[in-house]
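Q: Based on what follows, work out the 3D shape:
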Amino acid sequence: MVIEVGTELPPLTVTFRRDDLVRYAGASGDFNPIHWSDRMAGALGLPGVIAHGMLTMASAVRVVTDWIPDPADLIEYGVRFTKPVVVPDDDKGVNVTFSAKVDKVAEGRAEIDITAVAGEEKVLGRARAVVRVQ
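A: Residues are numbered from 1 along each chain as shown. Here you go, the predicted structure:
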């Protein structure tokens, strides 16, 4: 696979529902009530129950790992959380769409910028993955 500056990766849309948050809480051990209780989320000034940041972060990098031939070629990854992903208490949940574009290729590495949008809001800032290229 040839990786070039400007290459756009296929987008990925992930749906988060409340039951996903419960499962993630069990797997991660993060049982903070802002991830399951509207009352507690509201008491802290949040617009509702929010997805775990690490769940959002892990889902975002899938747009890269699904695209590269070997996910082990991901050598660096980081994000800034800018907006919470609010997960409604219904059967539909919330869709988060992840897209990515190659920003730089040099010295056997490619830097890929990732965008995450829930509704009309960008929920991650400065999300960047670095992959090894051959």
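Q: Now do the buried residues in the strand or helix carrying Thr56.
A: Thr56 belongs to helix 53-65 when assigned by DSSP states H and E. For helix 53-65, burial by neighbour count (16 or more other CB atoms under 10 Å) applies to 53, 55-57, 59-61, 63-65. Using the backbone N, CA and C atoms, a C-beta is placed for each residue, glycine as well.
Q: For Ile75, see how far away the most far-flung residue of the chain relative to its centre is.
A: Here the chain reaches farthest from its C-alpha mean at Glu107, the gap being 26.8 Å by CA atoms, centre = their mean. Remark: distance between Glu107 and Ile75 (CB to CB, to the nearest Å) = 12 Å.
Q: Check what pLDDT Gln134 gets.
A: Note for Gln134: predicted pLDDT of 80.
Q: Could I get the contacting residues of the closest residue in space to Glu121 that isn't next to it in sequence?
A: Distances taken as CB to CB, 6 or more residues apart in numbering put Lys83 closest to Glu121, at 5.1 Å, once the chain neighbours are dropped. Lys83 makes contacts with 118, 121-123, as judged by CB atoms under 8 Å, 6 or more residues apart in numbering.
Q: So Lys83, which state does it fall into?
A: coil (DSSP: H, G, I helix; E, B strand; the rest coil).
Q: Tell me which residue is most central in this structure.
A: Taking CA atoms, centre = their mean, the centroid of the chain lies closest to Ala60, which sits 2.8 Å from it.
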